[in-house]
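In: For reference, the sequence and a predicted model appear below.
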Amino acid sequence: MKIEKKNNGYCVLHVDELLYLTSAREQEELADMVSATGASRKSFNTWLFPTYRSAEEFVFVYKLKYGGEDET
């Protein structure tokens, strides 16, 4: 996962893990998990978060639940 800062405090979260899931069900579950945060989906693997902190919080929770050492 990679967080990219945008204007007005917004940021985009690139969820590259979604690209490596082979099961449509797993892809849907991960997409639903990100969408449940209130972020708006912009493309297959990107979501717009209202703040950098909110994106960081999602990444933190995801890593706690599923592991991973990806950079943010």
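Out: That came through fine. Numbering: from 1, shown residues only.
In: Any regions of the chain where pLDDT drops low?
Out: 68-72 (pLDDT under 70).
In: longest helix of it?
Out: Counting residues, the longest helix found in the chain (DSSP state H) is helix 52-66.
In: what residues does the host helix or strand of residue 26 touch?
Out: Per DSSP states H and E: residue 26 is located in helix 24-35. Helix 24-35 is contacted from outside by 13, 15, 17-18, 21, 41, 47, 58, 62, using CB atoms under 8 Å, 6 or more residues apart in numbering. C-betas here are computed from N, CA, C, even on glycine.
In: Give me the buried positions along that helix.
Out: By neighbour count on 16 or more other CB atoms under 10 Å, the buried set for helix 24-35 is 27, 30-31, 34.
In: Tell me which other helices or strands the helix or strand just after it touches.
Out: As assigned by DSSP H and E, the chain's next helix or strand after helix 24-35 is strand 40-43. Strand 40-43 makes packing contacts with helix 24-35, strand 46-49 when contacts are defined by 3 or more CB pairs under 8 Å, 6 or more residues apart in numbering; DSSP states H and E.
In: List the pairing partners of strand 40-43 within its sheet, with orientation.
Out: strand 46-49 (antiparallel) (DSSP bridges).
In: which parts of the partner strand are buried?
Out: Buried, per 16+ other CB under 10 Å, within strand 46-49: 46-47, 49.
In: Any chance you could list what contacts that strand?
Out: In contact with strand 46-49 (CB under 8 Å, 6+ apart) are residues 3, 6, 10-15, 34-35, 37, 39-42, 55, 58.
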